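# Just to be clear, the model below is a prediction. Sequence and coordinates:
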Amino acid sequence: MKSDSNFFKDNRILQFYAHDISNSDGRMSLFPGNFELEGIQSETVSMFLSGEETDFISESADLLRGYEQVKTAFLQFGLEDPRFQMRKADYLTRIPVVSISVRAKDLNLNSPLWNEDSQWYCVCVHMDETAEKYDHVCIFEIPGVGEQSSEVPCEIRQASEQDERKLNALFSPYVEEAHLISPGKNKEAVWAVGPDTAIDAVQVMYVGAALCTCLTAGDSVPLGYFDMGRESLYSKYVLINRSPAYGQFLCQKEENIVGMVKHEAEVQGNPTVIISHWHEDHVKILYEMALAYSQDGHYRNFWENAVFFFPQCIQKKGWATVHATAILGAIQNAGNQNYTVIPYQNSDEYRLERQYQNLSIFSCHRNDQSVSAPNPHDHGLYAIVTLTSGKRVLLPGDCSYDTMSAQNSGDSVLKEYDYLVATHHGGKYTHTTANHKTAYIPTPRQGTACDAIFSANGVAYGHPNATVVSQYGKTWNCLRTDQLPGNYDMYILG
C-alpha cells in the first residue's frame, strides 16, 4: 500500500464531508461499528456551502480548470437551479472521491450518530493525535495521493440540516430528461452489443469482494461489461491484515486485472457498459476511469463512444451518489449521448428493459414503504446472456432473487441456466426468511454439470457465506474467484 508521504506529512489535520454508503442499518454484518463513507475534502466544496473560498482550489491545476465557470453559475443561479446542475460536472468530476472506513470504539455511540435521517457527516482526521482522545478511528484512501492504511483517530458529527441539503443538491447525479426510460418508451443507441451480436463468453474476473464481468466475442474481444467494480478499501484492509502474504498476492492479482480492463475498454472504444446498481464495489473501476478522464484526458475514446445502461441513482443513504455524480459527469463532459437510465420505481415489479437475440436486460424494483431503509439492491438491473454455445448465463448483480421474479419462486426467469454468477457475492439472496427460501435460487439446466461463480474473497462482509454456499451446492457446482489456481485471474464461461 503506497502513499504520498509528503501529503500526509504536510496535512496533519484533514477534513472531509462524507456520505454514508454502509449497509441499510449502517453496520457491516461481521464487523459491528464499522461504517463505509464516500467523501470529498471539505475545502473543495466550501464555496457552495458557506460562500467562502479557500486557497486549496488555486493550488490545484486540475480543480481550477473547471472551477471558475461553475462558481459563476452557482453565484448566478444557485445550487438547485437546472442551469447550475447542467454545468456542475465541469468541476465536480475533477474532485477525487475519498473512500473512508470508520470504526466506532464504543458500539453504544452508533445509535444517535448513525441514524436513518442523516446521510452526510463531517469527518475530521487527526493524524498526530492518539486514539484515546476520540470515539472513532478510520482508514482512508485519496485517489492520486494514496492510502492511510493504519487506523488514525477522527471526530465525526452529523452535517447540519442546511449543509446536508446543499450537499444533496450538489451531489445529485444530473441526468437529462431525454435519457430516462419511462414505461413504454424505448431509447435505442448504437451498441457494441446489438440485436444480433454473437457473444462467445463471459469473463468473471477476480476483483476481490466486488464484481466485474466482461462479455466477449471471438478471441476474447471485449464487447461490453456487466459491472465494473473492484475491492473496497476496508475489504482490502481486512484481507491484508488477516493474511499479509496471501492478501498482497490477491491485491496484486486484482491490480493487474483492473489495469487490463481499463486498457481493453479504451482500445475497444464503444463497449456496452451495464451497471447493476450504485454501490462502490460495482462501479469503482468506472469511477477511476472517470477521474482519470476528467483530470488528464485519459480514456477519451472510451468516454466519448461507450454505451451506458444503468438504474437511476437517488439521494438516499447507501446509494453511492458521489461516485455516480462523477461518472455521469464524465459522460456529460465527453459529449456522449449514448446512455440510458432506468428510473427508480417504488413498487414490487420487474421489467424487461431491453430484448436482443443474445442479451436481455431486466430491472427489478421493490415497494420501499415496506422496509426501514431503501436498498440499491432492490432497484437494480440484471441480465441474461445466451452464448454461441447455446449455454445461458444469469448475471443478477446484487438483486435478490425474489425481487427479480416478482416474489414468485416458480417464475421462468429463475430456471434452466448453465452458469450463474451468484447474487450479492454469495451473501443474502432473498428477502424471505421462510424455510422455502432456497426455492428462489435459480435452477441449473437439467442433465448437465453447471457452475455457480462467487465473486468474493471471504473477508469484510463474509461473502460468500458458508451456509449460503451449501444451499447453492445442492444443485450447483460452486466456484470462488479468490480460489482460482495460481496466477489465473478469471473464470471464462463459454
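Ah, there it is. Numbering: from 1, shown residues only.
# So in that sheet, which strands flank the helix or strand hosting residue 273, and in what orientation?
Assigned by DSSP states H and E, residue 273 falls within strand 272-274. Using DSSP bridges, the strands paired with strand 272-274 are strand 221-228 (parallel), strand 307-311 (parallel).
# can the ones you listed go into CSV with extra columns for mean pLDDT?
As requested, the strands paired with strand 272-274 are exported to CSV (pLDDT from 0 to 100):
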stretch, mean pLDDT
strand 221-228, 95
strand 307-311, 93
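# Leaving out sequence neighbours, find the closest residue to residue 221.
For residue 221, ignoring the flanking residues on the chain, the nearest one in space by Cβ to Cβ, 6 or more residues apart in numbering is residue 268 at 7.3 Å. Yep, even glycine has a C-beta here, placed from its N, CA and C like the rest.
# quick one: the one you found from residue 43, how far?
Separation of residue 268 from residue 43 (Cβ to Cβ, to the nearest Å): 38 Å.
# these two touch, right, residue 365 and residue 377?
No. Using Cβ atoms under 8 Å, residue 365 is not in contact with residue 377; the gap is 11.2 Å.
# Kindly list the longest strand within the chain.
Taking DSSP state E as the assignment, the strand of the chain that covers the most residues is strand 146-158.
# Would you mind writing the CA trace of that one as CSV?
C-alpha atoms of strand 146-158 as CSV (Å, rounded to 0.1, in the frame of the first residue of the first chain):
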residue,chain,number,x,y,z
GLY,A,146,-2.6,7.2,-1.5
GLU,A,147,-3.9,5.3,1.4
GLN,A,148,-3.8,5.8,5.1
SER,A,149,-3.9,2.1,5.8
SER,A,150,-3.3,2.1,9.6
GLU,A,151,-6.1,3.4,11.8
VAL,A,152,-5.9,7.1,12.9
PRO,A,153,-8.3,8.9,15.3
CYS,A,154,-11.1,11.1,13.9
GLU,A,155,-14.0,13.2,15.1
ILE,A,156,-17.4,12.7,13.4
ARG,A,157,-20.6,14.7,13.6
GLN,A,158,-23.7,14.9,11.5
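# so where's the protein uncertain?
Residues of the chain meeting the criterion pLDDT under 70: 1-11, 23-33, 107-112, 114-117, 131, 177-178, 180-191, 406-412, 460.
# Okay, domains of it per the record?
The chain breaks down into these domains under automatic domain parsing: 5-170, 181-493.
# which one of those domains has the most crowded surroundings?
Comparing those by mean neighbour count (mean count of other Cβ atoms under 10 Å), domain 181-493 ranks first with a mean of 20.
# how much distance is there from that one to the middle of the chain?
Distance, stretch centre to chain centre, for domain 181-493: 9 Å (Cα atoms, centre = their mean, to the nearest Å).
# do the same with stretch 120-130
That offset, for stretch 120-130, works out to 25 Å (Cα atoms, centre = their mean).
# Just the residues contacting that stretch, thanks.
Residues outside stretch 120-130 that contact it (Cβ atoms under 8 Å, 6 or more residues apart in numbering) are 8, 11-20, 37, 39, 42, 100, 102, 133-134, 138, 140, 148, 152-159, 163-164, 167-168.
# Repeat the analysis, applying 6 Å as the threshold.
The list of residues contacting stretch 120-130 from outside it, by Cβ atoms under 6 Å, 6 or more residues apart in numbering, reads 12-16, 18-19, 152-159, 164, 167.
# Can you measure across stretch 327-346, start residue to end residue?
Stretch 327-346 has an end-to-end distance of 24 Å (Cα to Cα, to the nearest Å).
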